[in-house]
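> Turn this into a model:
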Amino acid sequence: MDVFAKDTDGFMARNFDRKISGAISRRLLQTAVTPNQITLSVTLLGVFAGVFMAQPGYWPKLTGALLFLLTSILDGCDGEVARAKNMTSEIGGWLDLWGDNVVHIAVFSGLGMGLYEDTGKQIYSTLGLAAAIGTLLSATIASYQTFRKLEAKRAASASGYAPSDPQSQSSLFTSVAGDASKVRSPWQARLVRWSDALARRDFIYVVVLLALVGHLEWFLWACGFGVWIYAVVLVALLVVSL
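Next up, the predicted model:
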């Protein structure tokens, strides 16, 4: 198994993305580049993907889809470099969490605008906006859940029941919902697994495929509803954890 891989990686992330990001990260380890600089650069690249998606025509959207895929692959580098250099940090975890969501908001809303420019159909800009709002809502819930876990970790560390370790703190950002194997309730464990599955980035390969065949509207329809399903799962997990 690749030392850079994580348990929450999807099939394509583990077997393809990590091969590329791992090779790049090994090169970056020989430089002075910091994990947070990588996160910010990848986020900016993802915003450019959204800008291309917002343009009318086939080729800008295909370019945006390929940049979106590149963003997904490079997104692994910040964590890989951080773990290898022992530079994991809470601020790095927050930057990564929100950087991912900024990229998704840019791409989803950009695609909605681009399809509206292509067809003149208001439904596409509405779907893009709905996907962006749903993503923002999910990111807010995820941030609150992560904040609660960090506070609990700090309280346990201050009481002497858990080590104060930046590596273990940053690992709390790996799965917002938690560890399904440590949940007693079967249905709650199922929700945790669903949330992790919905958050995986393998769907980006579908985006590229649909861009190639000129049917990105299929993805936007799925995305417009899918992000809200994910938000509902996160709300359910939040409610049962209170």
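
> Near residue 50, how many other residues are there?
As a burial measure, residue 50 scores 26 neighbours (other CB atoms under 10 Å). (Glycine included, C-beta is placed from N, CA and C.)

> Nearest residue to it in space, ignoring adjacent ones along the chain?
When the adjacent residues along the chain are set aside, residue 50 lies closest to residue 106, with 2.9 Å between them (CB to CB, 6 or more residues apart in numbering).

> so who does the closest residue to residue 227 other than its chain neighbours touch?
Beyond its immediate neighbours in the sequence, the residue positioned closest to residue 227 (CB to CB, 6+ apart) is residue 134, lying 3.5 Å away. Contacts for residue 134 were tallied using CB atoms under 8 Å, 6 or more residues apart in numbering; they are 224, 227-228, 230-231.

> With pLDDT and distance to residue 15 added, can I get these in TSV?
Listed next are the contacts of residue 134 as TSV, based on pLDDT from 0 to 100; distance: CB to CB, whole Å:
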residue	pLDDT	distance to residue 15
224	93	29
227	91	26
228	93	30
230	86	24
231	88	29
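
> Among the residues you listed, which one has the most neighbours?
Neighbour counts for the contacts of residue 134 were taken using other CB under 10 Å; the highest belongs to residue 227, which has 23 neighbours.

> For residue 16, see how far away that one is.
Here residue 227 is placed at a distance of 24 Å from residue 16 (CB to CB, to the nearest Å).

> ok, now residue 72?
10 Å.

> got it, and residue 155?
As for residue 155, its distance to residue 16 is 40 Å (criterion: CB to CB).

> between these two, who's got more neighbours?
Here residue 155 and residue 16 are compared on neighbour count by other CB under 10 Å; more neighbours surround residue 16, at 14 against 11.

> And for the residue nearest to residue 50, the neighbour number?
When neighbours are counted by other CB under 10 Å, residue 106 registers 25.

> what helix or strand does it sit in?
Per DSSP states H and E, residue 106 falls inside helix 90-119.

> Identify each buried residue in that helix, please.
Under the neighbour-count criterion of 16 or more other CB atoms under 10 Å, helix 90-119 has 90, 92-97, 99-116, 118 buried.

> tell me the mean pLDDT for that helix?
Across helix 90-119, the average pLDDT comes to 96.

> got the contact list for the closest residue to residue 91 other than its chain neighbours?
The spatial neighbour of residue 91 that comes closest, neighbours along the chain excluded (CB to CB, 6+ apart), is residue 36 at 7.1 Å. Applying CB under 8 Å, 6+ apart, one finds that residue 36 lies in contact with 78, 89, 91-92, 95.

> And residue 108, by the same measure?
When contacts are taken as CB under 8 Å, 6+ apart, residue 108 is in contact with 50, 128, 131-132, 135, 220, 223, 227.

> now the residues you listed as a markdown table including distance to residue 56?
Formatted as a markdown table, those follow (distance: CB to CB, whole Å):
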| residue | distance to residue 56 |
| --- | --- |
| 50 | 15 |
| 128 | 14 |
| 131 | 19 |
| 132 | 19 |
| 135 | 23 |
| 220 | 15 |
| 223 | 19 |
| 227 | 24 |
